[in-house]
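**Q** Please work out how this folds:
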Amino acid sequence: MLDLVILSLYYFICFLISVAIWCGPKDVDLHSSSTGGAETEPDGLVFIGKEEDIKKSQRITAKVDGREIVVFYHEGKFHALDSRCYHEGGPLCQGEIEDIDGQACIVCPWHKFKITLETGEGLYEGINPLEPSPTPKWQSKGVKQRIHKVTIDNGNVYVSPPDLSVSFDSDYFADKYKIGGELAMGK
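**A** Just a heads-up that it's a prediction; the model follows:
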């Protein structure tokens, strides 16, 4: 009986330690990128990385004002979005880019939600049941994912801090991971 009490106490202490570790303070660097330290320029832009490096890797995850973003280089253009999907917080940096009706879209690896790189619109395939022979067509749910302005200057890629006066569905997960979550890259 004493063995059972000691064993129970041991597991209870292990549980408390794991809760303390899980809920404890996190190191949150407000201006870091996955390529090293990000620098805020005098005009407010945040340095993300070298243009050629991002072109080679096709994507990079960074933090801008503590907010995790992902910058994609696709078909000659740079696009920056919140790195967590508006639906359930999936890591968009691990998603595939698909062309849907002429629009480049990131596909969330968790639930296959499709988000346009250009505008942040969520897309879905729907039918009009009133049509005689309904065929699926891509339609917009509206802008769901926050996009960020990308600036290229002298071979450097910069992102503007977000304008938080307007809210988007992706803000919930951006804030959740800003406060204590892990970077999407590799997690």
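**Q** When you work out contacts or count neighbours from here on, use the C-alpha atoms and nothing else.
**A** Noted.
**Q** Can you pull out the low-pLDDT segments for the chain?
**A** Residue ranges of the chain with pLDDT under 70: 7, 14-16, 18-42, 179-187.
**Q** That one: strands as residue ranges?
**A** Along the chain, counting by DSSP state E, strands occupy 32-33, 36-37, 46-50, 59-64, 67-74, 77-82, 96-100, 103-107, 114-116, 121-126, 137-143, 147-148, 150-153, 156-159.
**Q** Point out the most buried one among those strands.
**A** Of the strands of the chain, the one with the most neighbours on average (mean count of other C-alpha atoms under 10 Å) is strand 114-116, at a mean of 27.
**Q** Can you say which of the strands of the chain is nearest to Phe12?
**A** Taking C-alpha to C-alpha, strand 67-74 is the member of those nearest to Phe12, at 35.1 Å.
**Q** unless I'm mixing things up, Ile115 is touching Glu121, no?
**A** Yes. Counting by C-alpha atoms under 8 Å, Ile115 does reach Glu121; the two are 5.4 Å apart.
**Q** just to revisit the earlier point, how about the strands of the chain in TSV, adding distance to Phe12?
**A** Formatted as TSV, these follow (distance: least, C-alpha to C-alpha, whole Å):
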stretch	distance to Phe12
strand 32-33	37
strand 36-37	40
strand 46-50	44
strand 59-64	37
strand 67-74	35
strand 77-82	39
strand 96-100	43
strand 103-107	42
strand 114-116	43
strand 121-126	45
strand 137-143	46
strand 147-148	45
strand 150-153	50
strand 156-159	47
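**Q** Now for Ile115 and Glu121: what residues contact both?
**A** In the contact map built from C-alpha atoms under 8 Å, 6 or more residues apart in numbering, the residues linked to both Ile115 and Glu121 are Gln145.
**Q** ok, back up a step: quick one, which of the strands of the chain gets closest to Tyr177.
**A** strand 67-74 (7.5 Å).
**Q** just the angle between that closest one and strand 46-50, please?
**A** If you take axes from the mean of the first three to the mean of the last three C-alpha atoms, to 10 degrees, strand 67-74 sits at 40 degrees to strand 46-50.
**Q** neighbouring contacts of strand 67-74?
**A** So strand 67-74 is in contact with 30, 54-55, 58-63, 78-84, 92-93, 174-175, 177-178, 183-184, going by C-alpha under 8 Å, 6+ apart.
**Q** who does Lys114 bridge with?
**A** The partner list for Lys114 in beta bridges (DSSP bridges) reads Val107, Leu123.
**Q** Give the full set of residues in contact with it.
**A** For Lys114, the contact set (C-alpha under 8 Å, 6+ apart) comprises Cys105, Ile106, Val107, Cys108, Gly122, Leu123, Tyr124.
**Q** ok, those vs Leu4, which is closest?
**A** Of all the contacts of Lys114, Leu4 sits closest to Cys108, with 46.7 Å by C-alpha to C-alpha.
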